[in-house]
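1. coordinates for the following, if possible.
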Amino acid sequence: MANYLPVEIRDEARKGLQSSDILHRLRAQSAELYAVLDRFDSSAIVGDYLDMRALRKSFERIVAGSNSPSLANEASRCLPAA
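-> Predicted coordinates:
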């Protein structure tokens, strides 16, 4: 990932709650995340790595209030099997 991620993200070593509050944070930042999804949709490169339709569908379920434990698994399936 050296060519894709900024150093400060790639080399992050802090430990924490990881994603215990991820649904709350995603909902709180939904407007910004929809803008990111729109930008991603217009990128051919992103489309090579992510299933944008599946990612958007999962995000829309989160924003709608779903607390299903399977959402984390859904999000991971947005990555290609490669």
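2. dump the residue contacts of I45.
-> With contact set as Cβ atoms under 8 Å, 6 or more residues apart in numbering, I45 has no partners. (Each C-beta comes from the backbone N, C-alpha and C, glycine too.)
3. send me the strand or helix carrying it as CSV with only the CA atoms.
-> Using DSSP states H and E, I45 sits in helix 44-49. Extracted C-alpha coordinates of helix 44-49, given in CSV (Å, rounded to 0.1, in the frame of the first residue of the first chain):
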residue,chain,number,x,y,z
ALA,A,44,-12.1,4.4,-12.9
ILE,A,45,-9.2,3.6,-10.6
VAL,A,46,-11.4,3.3,-7.6
GLY,A,47,-13.8,1.1,-9.5
ASP,A,48,-10.9,-1.3,-10.1
TYR,A,49,-10.5,-1.8,-6.4
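4. how far does it sit from its chain's centre?
-> Relative to its chain's centre, helix 44-49 lies at 14 Å (Cα atoms, centre = their mean, to the nearest Å).
5. in the helix or strand just after that helix, what counts as buried?
-> Per DSSP H and E, helix 44-49 leads on to helix 52-63 as the next helix or strand towards the C-terminus. Neighbour-count burial for helix 52-63 flags M52, L55, R56, S58, F59, I62 (criterion: 16 or more other Cβ atoms under 10 Å).
6. who are the packing partners of helix 52-63?
-> helix 22-28, helix 30-41, helix 71-76 (3 or more Cβ pairs under 8 Å, 6 or more residues apart in numbering; DSSP states H and E).
7. got the CA positions of that helix in PDB?
-> Extracted in PDB, the C-alpha atoms of helix 52-63 (Å, rounded to 0.1, in the frame of the first residue of the first chain):
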ATOM      1  CA  MET A  52     -19.000   1.000  -5.500                       C
ATOM      2  CA  ARG A  53     -22.600  -0.200  -5.900                       C
ATOM      3  CA  ALA A  54     -22.200  -2.600  -2.900                       C
ATOM      4  CA  LEU A  55     -20.400   0.000  -0.900                       C
ATOM      5  CA  ARG A  56     -23.100   2.600  -1.500                       C
ATOM      6  CA  LYS A  57     -25.800   0.100  -0.700                       C
ATOM      7  CA  SER A  58     -24.100  -0.800   2.600                       C
ATOM      8  CA  PHE A  59     -23.600   2.900   3.500                       C
ATOM      9  CA  GLU A  60     -27.300   3.700   2.700                       C
ATOM     10  CA  ARG A  61     -28.300   0.900   5.100                       C
ATOM     11  CA  ILE A  62     -26.100   2.400   7.800                       C
ATOM     12  CA  VAL A  63     -27.500   5.900   7.300                       C
END
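8. sounds good, over and out.
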